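S.K.: this is the structure alone, sequence omitted:
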């Protein structure tokens, strides 16, 4: 699965990952896309099945870590991957972003990580409030070798993918939870 070094999975508000050396870990599963070579921060799967929202991951702080040489061998986020951080919290307070779960990535060295898809340093999905502050994100790479990097019908040439930070579009379910206030400012 995801989270080769550390996995924060499910709703656990107030999580802290601090002062660690997260070095040379890998997430890899040949048959499916797994993410987060160094750290995975993921909310739980939507309890109502497809078309419903995740309960979220809770607010998490990633502070003063060295995240180096990790690999997401079949997906996104060689260093850090966040997914399903937000869901039901947004639907329950769509006009109040201060009540949404937040990921703070502070004072980290995120270097020399690799993703087979995108976001060798950091990959974000369904993560509405992420603060990346005072962190060095350098020399990360994307190999573009994961199955999702290849367009349908073209097995011999992949599409180039971003290597440093990638922010993926929200899922249709989370996008709908914003309602008509998709441009709300905190």
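M.R.: That came in fine, so what should we check first? Being a predicted model, the structure only gives us computed values, none of them experimental. Numbers count the residues shown, from 1 in each chain.
S.K.: just give me how far stretch 145-159 sits from the chain centre.
M.R.: Computed by CA atoms, centre = their mean, to the nearest Å, the chain-centroid distance of stretch 145-159 equals 22 Å.
S.K.: can you give me the end-to-end span of it?
M.R.: In stretch 145-159, first residue to last residue: 9 Å (CA to CA, to the nearest Å).
S.K.: and the contacts of it?
M.R.: Stretch 145-159 is contacted from outside by 33, 74-75, 115-118, 144, 161, using CB atoms under 8 Å, 6 or more residues apart in numbering. From N, CA and C alone the C-beta is placed, and that goes for glycine too.
S.K.: okay, buried residues for it please.
M.R.: By neighbour count with 16 or more other CB atoms under 10 Å, stretch 145-159 contains the buried residues 146, 148-149, 158.
S.K.: now, these that are in helices?
M.R.: Counting by DSSP state H, no part of these is found in helices.
S.K.: can I get these in CSV with pLDDT and distance to residue 69?
M.R.: CSV is the format used below for the buried residues of stretch 145-159 (pLDDT from 0 to 100; distance: CB to CB, whole Å):
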residue, pLDDT, distance to residue 69
146, 89, 19
148, 87, 23
149, 89, 21
158, 90, 23
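S.K.: which of those sits closest to residue 68?
M.R.: Nearest to residue 68 among the buried residues of stretch 145-159, counting by CB to CB, is residue 146 at 21.2 Å.
S.K.: what about the closest residue to residue 178 other than its chain neighbours, distance to residue 130?
M.R.: In space, and not counting its chain neighbours, residue 178 is closest to residue 94: 6.0 Å by CB to CB, 6 or more residues apart in numbering. Counting by CB to CB, to the nearest Å, the gap from residue 94 to residue 130 is 18 Å.
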